[in-house]
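1. turn this into a structure:
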Amino acid sequence: MTTTFKSPADLLGSEGRHLGYSEWLEISQERINLFADATGDHQWIHVDPVKAAEGPFGGTIAHGYLTLSLANQFLPEVLQVENFSMGVNYGCEKVRFPAPVPVGSRLRGAGEVISAEEVKGGVQVVVRMTIEIEGADRPACVVDTISRFFP
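-> Predicted coordinates:
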């Protein structure tokens, strides 16, 4: 489900609004390996299924930063802003990884507007993305994303 705002100004006053959920995304070993190659993080808990099977998680797990990077995929699935000339990722706050993501897990993002305020020339919105693991009690990642939209 996508929540659409007709303009950046329409974000103002939307604090507390739940934006909905992204589509589910399965985390494959191939995705984990590609992330390891891209970042140089080849720790065995991520890329060695045989050794990881005997480790603390019973198999390989996704990198925390891989999970965090998915906020960039999930955010536009829950939030759309129309009638703007440019949008930028301004940063993140309060990143947490409450639960590991075993290979084969399905993840989705849930969004909530934490704040929206005017900034020079545009509107800044903080959206809390909760990256959920299908069937798990705790989320994989919770991050407050900061975006700016310029009309």
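2. what about the longest helix belonging to the chain, distance to the chain center?
-> Looking across the chain with DSSP state H, the single longest helix is helix 29-39. For helix 29-39, the separation from the chain centroid amounts to 17 Å (computed by Cα atoms, centre = their mean, to the nearest Å).
3. one more: stretch 85-95?
-> Distance, stretch centre to chain centre, for stretch 85-95: 12 Å (Cα atoms, centre = their mean).
4. pLDDT of it, averaged?
-> For stretch 85-95, mean pLDDT is 94.
5. just the CA coordinates for it, please, in CSV.
-> Taking C-alpha atoms only, stretch 85-95 is exported to CSV below (Å, rounded to 0.1, in the frame of the first residue of the first chain):
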residue,chain,number,x,y,z
SER,A,85,11.2,19.1,-8.5
MET,A,86,13.7,17.1,-6.4
GLY,A,87,13.8,14.8,-3.5
VAL,A,88,17.0,13.9,-1.5
ASN,A,89,17.9,11.4,1.2
TYR,A,90,19.2,13.6,3.9
GLY,A,91,20.3,10.9,6.4
CYS,A,92,19.2,8.5,9.1
GLU,A,93,18.7,8.6,12.9
LYS,A,94,18.3,5.9,15.5
VAL,A,95,19.2,2.8,13.6
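6. rewinding a little: buried ones in the longest helix of the chain, by neighbour count?
-> For helix 29-39, a neighbour-count test (16 or more other Cβ atoms under 10 Å) marks Ile32, Phe35, Ala36 as buried. For every residue, glycine as well, the C-beta is placed using N, CA and C.
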